[in-house]
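# Here is the input, now give the coordinates:
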Amino acid sequence: MTYTQKVQLINNVNSNNQNFRQQIEAAVAKQAIYMLDGGGSPTAAMKTHALMALSNPAAEVNRFAWYCAFDGNVESVVNGGSTLTDAQIQTVIDAKASIAWAI
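Numbers count the residues shown, from 1 in each chain. Just a heads-up that it's a prediction; the model follows:
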C-alpha cells in the first residue's frame, strides 16, 4: 500500500474495509480487558495503559490503526483487494499491545 492508501484504510475509505476503525476499536478493547484480567502476565505499566485505552478509545484506535496499516500481513490482504477479518486485526493488536503499553 502507498501512504495514501494507508490513510484511506485508516479513515474507512477503503471500499473493501469500510469498518476498519470499528474492528480496531473492538480488538483494542478485547486486548485491554484481557490484560486487565491478568492475561498474558502484564506488568503494572501495561495494565495502566490498558485502562487508559478503555478510557480514551479514539486515541488508541488511531495508534493501533497505524500499526495495522504498516503490518505486512494487513498490507498483503488489502493489496489483494480482500477484506480484513477480525482475527487478522486482533493478531496485530495482540502483538503490538505489549510493545505500545509497556512504557
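
# Where do the helices of this structure begin and end?
3-10, 20-36, 44-55, 57-69, 72-79, 86-100 (DSSP state H).

# among those, which is the most enclosed?
helix 20-36 (a mean of 20; mean count of other CB atoms under 10 Å). In this view, the C-beta of every residue, glycine as well, is placed from N, C-alpha and C.

# and the angle from it to helix 72-79?
160 degrees (axes from the mean of the first three to the mean of the last three CA atoms, to 10 degrees).

# can you offset everything so residue one is 287?
Got it, the first residue is 287 from now on, which makes the last one we talked about helix 306-322.

# What's the mean pLDDT across helix 306-322?
Across helix 306-322, pLDDT averages out at 96.

# helices and strands around it, which ones?
Here helix 306-322 touches helix 289-296, helix 330-341, helix 343-355, helix 372-386, going by 3 or more CB pairs under 8 Å, 6 or more residues apart in numbering; DSSP states H and E.

# Let's have the ones you listed in a markdown table, adding distance to Glu311 and mean pLDDT.
Listed next are the helices and strands packed on helix 306-322 as a markdown table, based on distance: least, CB to CB, whole Å; pLDDT from 0 to 100:
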| stretch | distance to Glu311 | mean pLDDT |
| --- | --- | --- |
| helix 289-296 | 12 | 97 |
| helix 330-341 | 10 | 94 |
| helix 343-355 | 5 | 94 |
| helix 372-386 | 10 | 95 |
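
# Quick check: which of those is nearest to Asn305?
helix 372-386 (9.6 Å; CB to CB).

# which residues does Asp357 contact?
Val378 (CB atoms under 8 Å, 6 or more residues apart in numbering).

# What of Ile389?
Going by CB under 8 Å, 6+ apart, the list of residues near Ile389 reads Ala331, His335.

# circling back to that earlier point, so which of the helices and strands packed on helix 306-322 comes closest to Lys316?
Nearest of these (CB to CB): helix 372-386, 6.7 Å.

# Centre of the chain to the closest one, how far?
6 Å (CA atoms, centre = their mean, to the nearest Å).

# what do you get for stretch 342-353?
7 Å.
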